[in-house]
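Asks: output the structure for:
(2 chains)
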Amino acid sequence: MATQQADYATPETERTPVVKLYLAIGLIVFAALMLVGVLMRAAQGASLSSIGPALFYQLMTLHGAGMVGTAGLAALAVNWYFLSRYVRLNPRVFLGALILSLVAVAMIVGAILIGKFAAGWTFLYPLPANPLGQWGTGAALFFVAGLLVLGVAFLLVYLDMGLAIVRRYGSIARALGLPMLFGREPLDRTHPPTVVASAMVLIVNVAGIAAGAVVLVMTMLHLVFPALAPDALLMKNLIYFFGHVFINATIYSAVIAVYEILPLYARRPWKVSRPFLAAWLAVTLMVLAVYPHHLLMDFALPAWMAVMGQILSYTSGIPVLVVTAFGGLMLIYRSGIRWDAASSLLVLGLFGWAVGIVPAVIDGMISVNLVMHNTQWVPGHFHFYLLIGVVPMVLGFASYLGSNGEQGQTGRLGVGVFAVGAVLLCLTFLVSGANSVPRRFAVHEEAWQWLGNLGALSGGLVLIGTLMIALPILMRLPRARLTTA
Amino acid sequence: MQTAVLLITLLGMALVAAAFYVVVARSGPRDDDYSGITQQGYLIRRWWFLFLCGFGVLVSAWSLIPFPLQAGGVGAPRAIDVTGRMWSWDIASRTAQVGESVRFRVTSADVNHGFAVYSPDDQIVAQTQAMPGYVNEVDVTFEQPGQYRVLCLEYCGLAHHAMAAEITVSEGS
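Replies: This is a model prediction of the structure:
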């Protein structure tokens, strides 16, 4: 089996340099965009009067697009690195995708900072074409085209991953474990969870990015030919399908770090089982179908879509709570696990993902959404998933690969500072949401400002914690011999 | 309602946090009998799964039956047409009586906006999206006298935060 696997695996010398590049860029950009987030919260707390509405909305667009893109790329690096243990991937494709992504980043950042584009990362049609003098058509085109280039970069990597998976496993369905799940093949408990997760990510994110490409091209056409005006509700459906699927694929890619690294710490295997395979099939279908929970306040949509959105919003959380979070806890229970920066971050990531389900599911209820939609409750729940879920998973991956998790006292303290800051930040968002504070407001009323200031302070802690963890990794990374997981 | 939602959420999150705390606190010393741990774990997991399914069915039934209609729950309320545009609200009538139910028929003249009605104590009582080419209807019953505010909850550009209007609700005669 070992020889067979070695035949398929990507050689170690080929897989590590590109992953180092992804990680280094990812960690630096994460920290920079955290600073942008802190500035935004400080502006909402009226502590930074120098940030006026025009600059605030540019920063908001930069923070949103940047964080989603960076999280996506960092999680892709996690996915690629571990999948390359089982299938032969092409590092040149992976490097090419990084170069394309950097071109996309230059286009997006240029559109925002030079062209003053500020329609939000969701570029909700028809706002990009209706700036009322805030930005020009060229800036909007550059931003939208930048997202399109980024999507192409992802698709190139997915194409390579898909081909490699099919070469080894015969089909994506087989990689997902469907024949084993439905009894057509005996259960192979050595089938890697990474391959199952990668198959799921491929299926959903190719569909998500394809929908994104359609809406991006339609937006570009509308920008060039304003008379060509697509239906606003159709565009909104496409945008939220793309956005929801993309960010979910990011989380499900990042969790591969937990599947691969945590068992090494616990010295116990994370093996597939039928409930595991059923859970991954269920999330594949649910991630594709749940997006109407973003459109619960669009009453023009059929009621069945709202009902489906609410129910799937709840059921989407079950596989996470029952399989991944529970499996992770079972793995570390009485394992004698070594607690260092990497293992602590990975468990924190699992916690952030699991706990974020609660405010997300509650906001997914139609009657609650009526008073919570587009309040700060929304960034509250997704910061749990992303800031306390994905970011620690990526940091844990970087810490393990770059320094075998051994980051000493500073690393452990950094994890503590990060965790306290991140939980406080998310809670300030939730409390703001419960106080009906709108999201995406450049100027906050006096009664809301203390929450903005508390958020800025918490965000500052997050940034300090991130730097305490990331800086030593970044300094070691160029010479680091990455740990063979 | 919002306070209850926050408290329920915090309770649910505290339960998840407690589960993580208990396990992390018991991560050592090592027990080499992992198959024994998994056997016990799978049993707990089965009940946990059944609990989540049962709880979901109950909550879904409670919250969806009857369907939480945003409009149509009240018989023949007064209709008020609303049009959002960058960055103001055109509201056909800006006065109402306490206890009166009003059906807002909301659309947009340009981009997407969010029509949210805030009570005099600054809590959202209802909202819907204002979309170009569509009319969304939402019923609001004004329960307090005073100034209700309308804010935009869908980001719509430079003065999004300033896109506000007021509705005066007075005691009935």
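
Asks: so B:V140: helix, strand or coil?
Replies: strand (DSSP: H, G, I helix; E, B strand; the rest coil).

Asks: how far away from the center of its chain is the helix or strand hosting A:R167?
Replies: Secondary structure assignment for A:R167, by DSSP states H and E: helix A:137-169. When distances are taken as Cα atoms, centre = their mean, to the nearest Å, helix A:137-169 is centred 16 Å away from the chain's centroid.

Asks: what mean pLDDT does the next helix or strand after that helix get?
Replies: Going down the chain from helix A:137-169, the next helix or strand is helix A:172-176, by DSSP H and E. Helix A:172-176 shows a mean pLDDT of 98.

Asks: tell me what helix A:172-176 is packed against?
Replies: Contacts defined by 3 or more Cβ pairs under 8 Å, 6 or more residues apart in numbering or on different chains; DSSP states H and E place helix A:172-176 against helix A:137-169, helix A:193-224, helix A:274-289. All C-beta spots, glycine's among them, are computed from the backbone N, C-alpha and C.

Asks: and the next element down the chain from that helix?
Replies: helix A:178-181.

Asks: can you name every helix or strand that that next one contacts?
Replies: Going by 3+ Cβ pairs under 8 Å, 6+ apart, helix A:178-181 lies up against helix A:274-289.

Asks: just the buried residues of the helix or strand that the helix it packs on is followed by, please?
Replies: As assigned by DSSP H and E, the chain's next helix or strand after helix A:274-289 is helix A:303-319. By neighbour count with 16 or more other Cβ atoms under 10 Å in any protein chain shown, helix A:303-319 contains the buried residues A:305-319.

Asks: over to whichever residue of the stretch 51-200 of chain A sits closest to chain B: give its phi and psi.
Replies: Of all residues in the stretch 51-200 of chain A, A:L127 sits closest to chain B, at 4.6 Å by Cβ to the nearest Cβ. With angles defined as degrees, to the nearest 10, A:L127 sits at phi -60, psi -40.

Asks: can you check A:E14 too?
Replies: phi -90, psi -30.

Asks: count of residues packed around it?
Replies: A:E14: 15 surrounding residues under other Cβ atoms under 10 Å in any protein chain shown.

Asks: and A:V245, by the same measure?
Replies: A:V245, neighbours per other Cβ under 10 Å, totals 25.

Asks: which residue is the nearest non-sequential neighbour of it?
Replies: Closest residue to A:V245 apart from its sequence neighbours, by Cβ to Cβ, 6 or more residues apart in numbering or on different chains: A:G208 at 2.9 Å.

Asks: how about the residue in the stretch 201-350 of chain A that chain B sits nearest to, what does it touch?
Replies: Residue of the stretch 201-350 of chain A nearest chain B, by Cβ to the nearest Cβ: A:G336 (3.0 Å). Taking Cβ atoms under 8 Å, 6 or more residues apart in numbering or on different chains, we find A:G336 in contact with A:267, B:27-30.

Asks: does it belong to a helix, a strand or coil?
Replies: A:G336 - assigned by three-state DSSP - is coil.

Asks: not counting sequence-adjacent ones, nearest residue to it?
Replies: Nearest one to A:G336, counting by Cβ to Cβ, 6+ apart, is B:R30 at 3.0 Å.

Asks: wait, doesn't the one you found sit right on A:R334?
Replies: Yes: under the criterion of Cβ atoms under 8 Å, B:R30 makes contact with A:R334 at 6.4 Å.

Asks: more neighbours: these two, which one.
Replies: Between B:R30 and A:R334, A:R334 has the larger neighbour count (other Cβ under 10 Å), namely 19 against 14.

Asks: pLDDT wise, what is the residue of the stretch 51-200 of chain A closest to chain B at?
Replies: pLDDT, A:L127: 97.

Asks: got it, and the one 4 residues further on?
Replies: Reading off the confidence values, A:P131 has pLDDT 95.

Asks: tell me the contacts of it?
Replies: A:P131 touches A:117-119, A:140, B:157, counting by Cβ under 8 Å, 6+ apart.

Asks: recalculate using a threshold of 7 Å.
Replies: By Cβ atoms under 7 Å, 6 or more residues apart in numbering or on different chains, the residues touching A:P131 are B:G157.

Asks: with the one 5 residues further on instead?
Replies: Remark: with contacts taken as Cβ under 7 Å, 6+ apart, A:G136 is in contact with A:G115.

Asks: phi first, then psi, for it.
Replies: Dihedral angles (degrees, to the nearest 10) for A:G136: phi -100, psi 170.

Asks: A:I165 reaches A:L89, doesn't it?
Replies: No: A:I165 lies out of contact with A:L89 (Cβ atoms under 7 Å); the separation is 9.6 Å.

Asks: nearest residue to the middle of chain A?
Replies: Taking Cα atoms, centre = their mean, the centroid of chain A lies closest to A:T250, which sits 3.7 Å from it.

Asks: which of the contacts of A:G336 tops the neighbour count?
Replies: Once you tally neighbours by other Cβ under 10 Å, B:S27 ends up highest among these, having 21 neighbours.

Asks: hang on, the earlier thing: where does the residue nearest to A:G336 sit, in terms of helix or strand?
Replies: Per DSSP H and E, there is no helix or strand for B:R30.

Asks: the domain parsing of chain B - what is it?
Replies: Following automatic domain parsing, one gets these domains for chain B: B:2-64, B:78-170.

Asks: so how far is the first one off the chain centroid?
Replies: Distance of domain B:2-64 from its chain centroid, counting by Cα atoms, centre = their mean, is 25 Å.

Asks: give me the mean pLDDT for that domain.
Replies: 96.

Asks: give me the residue from chain B nearest chain A.
Replies: For chain B, Cβ to the nearest Cβ, closest residue to chain A: B:R30, 3.0 Å.

Asks: which ones are touching A:N90?
Replies: Contacts of A:N90 (Cβ under 7 Å, 6+ apart): A:D160.

Asks: burial of residue 144, as a residue count?
Replies: I went with chain A, as the question did not name one. A:V144 has 24 nearby residues by other Cβ under 10 Å.

Asks: look at chain B instead
Replies: 13.

Asks: for the closest residue to it other than its chain neighbours, helix, strand, or coil?
Replies: Spatial nearest neighbour of B:Q144, chain neighbours left out: B:P120 (5.4 Å); criterion: Cβ to Cβ, 6+ apart. Classification of B:P120 by three-state DSSP places it in coil.
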